[in-house]
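[1] please work out how this folds:
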Amino acid sequence: MNILGFLLILLLSINTGIRAEPSVDQYGLKGGSICLDVAEPPEMIKGLKWMKDSDVIVDDKEISPKYKQKVDYNSVNHSLCIKNLLNTDSGIYMVNYRKSWKESTTTYRLLVEDHVPKPVMDVTSLFNTSVGLCDVTVNCSGKDGWMLSVCGWGQCTLS
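    Sure, this is the predicted structure:
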């Protein structure tokens, strides 16, 4: 075998050995809670560790003192529930564990979002069938703005 073939095989074996699974996006509402699950069935899982960024949250069923009031850990199914979500809880959460002599990692990207208020719509209409007049004005307002649409004579304008 030539050196080029050897390097190709070496490169392929290294590449497949360090392949990482993409992170799973999770969204939570500020003030609410969210649970992150272990993808594998819980039987025979060993050496489980939950982390946020570089902080260890749970290490082999023991919750870090820093997170005792913030999380609930289920030692049966190994899920991690984060309570009273704040913007600072957003980040990368990872769970590492061993099962059947294989190491596994699942990565979650948690995004904590503010509640969005219900939009308010105001509709005003003017009808005069004798002259064929039909005007409709719609004003829709939300958290950070509004939109007004006026429709009449077969066309609509937005402002």
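
[2] what's across from residue 82 in the sheet?
    Taking DSSP bridges as the rule, residue 82 bridges to residue 34, residue 71.

[3] all helices of this structure, in order?
    Here the chain has its helices, by DSSP state H, at 3-17.

[4] any idea how it splits into domains?
    16-113, 120-158 (automatic domain parsing).

[5] would you list those in CSV and tack on mean neighbour count?
    Using the backbone N, CA and C atoms, a C-beta is placed for each residue, glycine as well. Formatted as CSV, these follow (neighbours: other C-beta atoms under 10 Å):
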stretch, mean neighbour count
domain 16-113, 14
domain 120-158, 11
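
[6] could you dump those domains into a markdown table and include mean pLDDT?
    Listed next are the domains of the chain as a markdown table, based on pLDDT from 0 to 100:
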| stretch | mean pLDDT |
| --- | --- |
| domain 16-113 | 89 |
| domain 120-158 | 75 |
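
[7] tell me the centre residue of the protein?
    residue 26 (2.0 Å; C-alpha atoms, centre = their mean).

[8] ok, now which ones touch that residue?
    34, 36, 108, 109, 110, 111 (C-beta atoms under 8 Å, 6 or more residues apart in numbering).
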